[in-house]
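Participant: I'll drop the sequence and a predicted model, then ask my questions.
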Amino acid sequence: MTVFALHAIGNPTGTRMIEIIRGDITKLAVDAIVNAANSALAGGGGVDGAIHRAAGPDLMRELSRYDGCPTGGAVLTKGYHLPARYVIHAVGPVWHGGSRGEPELLAKAYESSFARAREAGDVRSIAFPAISTGVYGYPKPAAAAIAVRVMRAHEDEFARIVACMFDAENLSLYTHLLGGNKTENDQI
Ligand code: AR6
């Protein structure tokens, strides 16, 4: 799949940027991509399925060493056949209406991802999908606000933070939150 739009939006407080890319996260040549995994680390559909298909079966072999991962947590593996050197498998919450700690757990999934990236020692660029906003049913506007808040809190620790958006609604939400103008269908 082609990455078909690139949004590089300046941070009003400095030179670092949170970039918004519309496309398939498995194509991104960053140090680490984040996966929206489940707590069994068992693979699945959505971005998880795409990452496993692109990385190859060694990814599942490495994950099978773990006895799962709690919601809000994240584990780091190699990227195998992906352009990214690492995959950080973050477990977002299933949306149950908002009264089961979903906002805190979603923020924790992003925080845990950044923690794993820092621990790796050589991650300068990291890309995130919109965790929990697919199969897990988290309302996209609320999830976007949390994701952008946590990304901004870590902006100074990385050379590049990419928000990789797959669908038009998330693209529009992130673009609005990050203060940019939406332009679509720019080939890169
Ligand atoms: N690149 C970037 N984003 C993508 C891609 C892709 N290739 N494919 C989908 N998305 P989801 P969740 C977007 O369902 O809600 C899996 O079965 C998608 O449009 O992948 O956290 C896992 O195994 C959506 O905005 O993850 C878990 O069981 C976002 O990624 C469960 O789904 C997240 O959607 C996790 O559900």
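Facilitator: That came through, no problem.

Participant: Could you check how far the residue nearest the centre of the chain is from the ligand?
Facilitator: Centrality entry for the chain: nearest residue to the mean C-alpha point is Phe128, 1.9 Å, by Cα atoms, centre = their mean. Distance of Phe128 to the ligand, computed by Cβ to the nearest ligand atom, to the nearest Å: 9 Å. The way it works is simple: take the backbone N, C-alpha and C, and place the C-beta from them, glycine included.

Participant: Next to the ligand in this structure, residues from this protein, please.
Facilitator: The chain comes close to the ligand at residues 24-26, 36-38, 44-48, 50, 92, 129-136, 164, 166-167, 170, as judged by Cβ under 6 Å from any ligand atom.

Participant: related to what we said a few turns ago, ignoring the adjacent residues along the chain, who's closest to the residue nearest to the centre of the chain?
Facilitator: Counting by Cβ to Cβ, 6 or more residues apart in numbering, Val34 is the residue found nearest to Phe128 once chain neighbours are left out, at 4.6 Å.

Participant: Now the phi/psi pair for that neighbour, please.
Facilitator: Per-residue torsions, Val34: phi -100, psi 140 (degrees, to the nearest 10).

Participant: Cheers, nothing more for now.
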